[in-house]
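J.: All I have is the shape, not the residue letters:
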Ligand code: NAP
């Protein structure tokens, strides 16, 4: 087996890549929107209720519909996952890993289609879509190899007269509850890790992105995953979330999403329902309020680019996005004016246009929420870029009304305790704070309940070392942007209210879905 290597991303300035992408986009847009049914124990089921998936750049366009599950389907899906656990948990780890490797190969074959679907359903520009595609492939390749490693057990101290062994075994049937912002990569990572470890899962994708989740299911089926291992259960989180999390046969919950929902799941998951015979394991990866410190001595060009890319890449809708930039002493004023200028230059528009850098936010509810925060920001800071919806120009290609676009927005002179410097906005809004010195910058950076990512731009070795020790985040970057974690290279997960620090894409991750069994036999 080759050692793991990160999947390279595509260069869309090459005509052949740009051409293939255009073909896939056109094919999806010309096709008839399809209905996706629930998939429970391999059976396709309708419920008569539907979730519509719309293009956030052109909300009139319905991309497809997914059946909407209710409580009876939760029961059915958990029963199917529970029943299938008996056979899947006994399937050889090497065979389980094989399914992931085959799925990775199938993903590669469908690259342009998947990129297109990510662009249309999640509103990603092409480079962001392809980076997500590559991350999904990486998770499959990485966790497959990791399972082969864990299958070797763990060497134990030898005791005279005994033969001892430790082997890792799976937990049971689990719930995988995923967000919309990495609807392919995060869903693939969370479910593949659980599955390859020998568990079965009930997968609840986000309401915003059920179609891409269905594509993942189809790929896993084609790769040879037996029915009942991955049960596809789109539905409203507010309706089916609690019964799923509280179900006595659910052994673990793997969640990625907001702090509010994560804390609720953590609390409910700690309870025990009638008939439950275990303590549920909860893995909850949640939000961030990530900061970049720009030190007095630094490469300011690199810092400005890093802040702008981290704050406005995918419209600021990454848990790792920079939502606070902290300028130290004399660098602050120039940092503000340069970041504001670069933000104002970013091209906002349909992700179908090659030159677009900032696409739509995911939904009308998100748009409204972000615009409310911008109003709060007007009272809490000095607006230096953006500040409202991006012009609602009709789409150039189709003439349809434009979607949920918001201008990249920057507020300067924000107090570190202001709401826009404390609460996750999850949109293209950056708060900039002034720090007297590096000590104060660290204090501001650490001064929220979150602790996911952070970055420091500095030429001062001592400051970089201090950040390494004192900047309390799960993923710290020095002299580079705070987004773009790579599987294997940057195991990902946050501290404090950012979650359980599961370190997705790292060598500890699979352990979260395994338990260790020790057998000690007296030698005769
Ligand atoms: P969200 O609103 O918390 O939703 C996440 C998932 O939970 C969705 O599938 C949602 O379903 C479901 N859900 C909603 N209410 C539920 C309930 N009561 N019980 C069980 N499940 C429920 O988050 P989001 O808006 O999709 O994603 C954005 C958030 O995710 C941000 O806070 C971001 O920082 C965080 N995030 C964190 C990481 C990380 O690695 N730390 C990575 C990506 C995103 P519906 O779609 O039906 O509401």
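T.: Happy to help now that I have it. As the structure is a computational prediction, the values presented were derived from the model and not from experiment.

J.: Residues touching stretch 506-519, excluding its own?
T.: By C-beta atoms under 8 Å, 6 or more residues apart in numbering, the surrounding residues in contact with stretch 506-519 are 143, 146-147, 149-150, 154, 156, 164-171, 174, 193-194, 196-199, 252, 254, 281, 283, 488, 491-492, 502-503. C-beta here means a position set from N, CA and C on the backbone, and glycine is covered the same way.

J.: Just to be sure, which of these are found in helices?
T.: Members of these lying in helices (criterion: DSSP state H): 143, 146-147, 149-150, 193-194, 196.

J.: Point out the residues in the stretch 151-300 of the chain that sit beside the ligand.
T.: Within the stretch 151-300 of the chain, the residues that sit near the ligand (C-beta under 6 Å from any ligand atom) are 177-182, 186, 204, 206-207, 236-238, 241-242, 245, 256-258, 261, 264-265, 285-288.

J.: Apply 8 Å and report the result again.
T.: Within the stretch 151-300 of the chain, the positions adjacent to the ligand are 177-182, 186, 204-208, 234-238, 240-242, 244-245, 255-262, 264-265, 268, 285-288 by C-beta under 8 Å from any ligand atom.

J.: Derive a ChimeraX selection command for the buried subset of these.
T.: ChimeraX command restricting those to the buried ones, with burial defined by 16 or more other C-beta atoms under 10 Å:
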select :177,178,179,180,181,182,186,204,205,206,207,208,234,235,237,240,241,244,245,255,256,257,259,261,262,264,265,268,285,286,287,288
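
J.: Which ones among the residues of the stretch 151-300 of the chain next to the ligand lie within strands?
T.: The strands, defined by DSSP state E, take in 177, 204, 255-256, 285 from these.

J.: Reduced to three states, what does residue 120 come out as?
T.: helix (DSSP: H, G, I helix; E, B strand; the rest coil).

J.: Now it. Nearest residue, chain neighbours left out?
T.: Setting aside the residues directly before and after it, residue 120 is nearest to residue 55 in space (C-beta to C-beta, 6 or more residues apart in numbering), at 5.1 Å.

J.: can you pull the contacts of the one you found?
T.: Per C-beta under 8 Å, 6+ apart, neighbours of residue 55: 61, 63, 120-121, 123, 403.

J.: most neighbours, which of the residues you listed?
T.: In terms of neighbours by other C-beta atoms under 10 Å, the contacts of residue 55 top out with residue 123 at 31 neighbours.

J.: quick one, phi/psi of that residue?
T.: Main-chain dihedrals, residue 123, degrees, to the nearest 10: phi 80, psi 40.

J.: Which residues are in contact with it?
T.: Contacts of residue 123 (C-beta under 8 Å, 6+ apart): 55-57, 315, 351, 359-362, 403-404.

J.: Distance check, it against residue 289.
T.: The spacing between residue 123 and residue 289, counted by C-beta to C-beta, to the nearest Å, is 22 Å.

J.: What is the nearest of the contacts of residue 123 to residue 41?
T.: The closest of those to residue 41 turns out to be residue 362 (C-beta to C-beta; 31.1 Å).

J.: ok, now how distant is that closest one from residue 214?
T.: Distance from residue 362 to residue 214, by C-beta to C-beta: 18 Å.

J.: So between those two, which is more surrounded?
T.: A count of neighbours by other C-beta under 10 Å puts residue 362 above the other of residue 362 and residue 214, at 27 against 22.

J.: Run through the residues that contact that one.
T.: Listed by C-beta under 8 Å, 6+ apart, the contact partners of residue 362 are 56, 122-123, 180-181, 208, 317, 404.

J.: between the residues you listed, which is nearest residue 223?
T.: Checking the contacts of residue 362 one by one against residue 223 (C-beta to C-beta), the nearest turns out to be residue 122, at 22.9 Å.

J.: so the closest one touches residue 186, yeah?
T.: No - judged on C-beta atoms under 8 Å, residue 122 makes no contact with residue 186 at a distance of 11.2 Å.

J.: Could you verify my assumption that residue 454 touches residue 476?
T.: Yes - using C-beta under 8 Å, residue 454 makes contact with residue 476 at a distance of 5.3 Å.

J.: Return every residue with contacts to both of those two.
T.: Residues touching both residue 454 and residue 476 (C-beta under 8 Å, 6+ apart): residue 467.

J.: quick one: which of these two has more around it?
T.: The residue with more neighbours, out of residue 454 and residue 476, is residue 454; 30 against 19, by other C-beta under 10 Å.

J.: Next, the more buried one: phi, psi?
T.: phi -170, psi 160.
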